[in-house]
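>>> Pasting the sequence and the predicted coordinates here, then a few questions.
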Amino acid sequence: MCSAARRRALSAIAAGLVAGLAGPTRAAAPASAPRVEVWKDPSCGCCRDWVAYLEREGFAVVVHDVGNTAARRRLGMPTKVGSCHTATVGGYVIEGHVPVEDIRRLLAQRPADVLGLAVPGMPVGSPGMDGAIYGDRRDPYDVLRVARDGRIDVYRSVR
């Protein structure tokens, strides 16, 4: 390889390394916006759509494109209510395609006995699973409240 081509190649590699060291992706949001940290697979389109939905709704989002299994386990969210992404906001764990109104309600109530909220699986019609590709389809689903002691109940039914 000629020295000019070699310099360009090394420069491109260095730029990629610097970008990788910059850390997780951050979206601009007002300083007062609730901060949401999301763990997801880098290639998951519906996770990307859920993150965009949160940003449109005024949340400051930090994304970790490393998958969510380890984060879910570390944060104590039961596998049986698992989905494709796991998040934290205000000291609570959010699993899956939870609507913003439920997150805001949880943050307003601040229950001490609640670990977080979950929408298991990937129900069509939930935020992030509601794009044009799904047409007008809207499947019913439940937003679950997961208590710190492991109890799970329905926080809200979406029909």
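Right, received. Where do you want to start? Numbering: from 1, shown residues only.
>>> Sketch out the helices for the protein, chain order is fine.
For the chain, the helices defined by DSSP state H cover 3-21, 45-56, 69-75, 100-109.
>>> Out of those helices, name the one with the poorest average pLDDT.
Looking at the helices of the chain, the lowest mean pLDDT belongs to helix 3-21 (a mean of 41).
>>> in this protein, which residue is closest to the centre?
V38 (3.9 Å; C-alpha atoms, centre = their mean).
>>> Hmm, it is touching F59, no?
No - taking contacts as C-beta atoms under 8 Å, V38 lies outside contact range of F59: 9.9 Å. All C-beta spots, glycine's among them, are computed from the backbone N, C-alpha and C.
>>> end-to-end on stretch 69-80?
12 Å (C-alpha to C-alpha, to the nearest Å).
>>> Also stretch 43-62?
End to end - C-alpha to C-alpha - stretch 43-62 spans 16 Å.
>>> For that stretch, buried residues please.
Burial within stretch 43-62, assessed by neighbour count using 16 or more other C-beta atoms under 10 Å, is assigned to 44, 46-51, 53-55, 57, 59-62.
>>> show me what contacts the residue nearest to the centre of the chain?
Contacts here follow C-beta atoms under 8 Å, 6 or more residues apart in numbering; on that basis V38 touches 47, 50-51, 61-64, 85-87.
>>> any idea how far R105 lies from W50?
Distance, R105 to W50, by C-beta to C-beta, to the nearest Å: 18 Å.
>>> So for A147, what's the pLDDT?
pLDDT, read off for A147, is 98.
>>> same thing with S32?
S32 is given a pLDDT of 77.
>>> where's it relative to V61, distance?
With C-beta to C-beta as the criterion, S32 and V61 are 15 Å apart.
>>> what's the residue nearest to the residue nearest to the centre of the chain when sequence neighbours are not counted in contact with, if anything?
Ranked by C-beta to C-beta, 6 or more residues apart in numbering and with sequence neighbours excluded, the top spatial neighbour of V38 is A87, at 4.4 Å. Each residue near A87 by C-beta under 8 Å, 6+ apart is listed here: 36-39, 93-95.
>>> Would you mind giving the residues you listed as JSON lines with distance to T79 and pLDDT added?
Shown next, in JSON lines, are the contacts of A87 (distance: C-beta to C-beta, whole Å; pLDDT from 0 to 100):
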{"residue": "V36", "distance to T79": "21", "pLDDT": "98"}
{"residue": "E37", "distance to T79": "20", "pLDDT": "98"}
{"residue": "V38", "distance to T79": "18", "pLDDT": "98"}
{"residue": "W39", "distance to T79": "14", "pLDDT": "98"}
{"residue": "V93", "distance to T79": "13", "pLDDT": "98"}
{"residue": "I94", "distance to T79": "16", "pLDDT": "99"}
{"residue": "E95", "distance to T79": "10", "pLDDT": "98"}
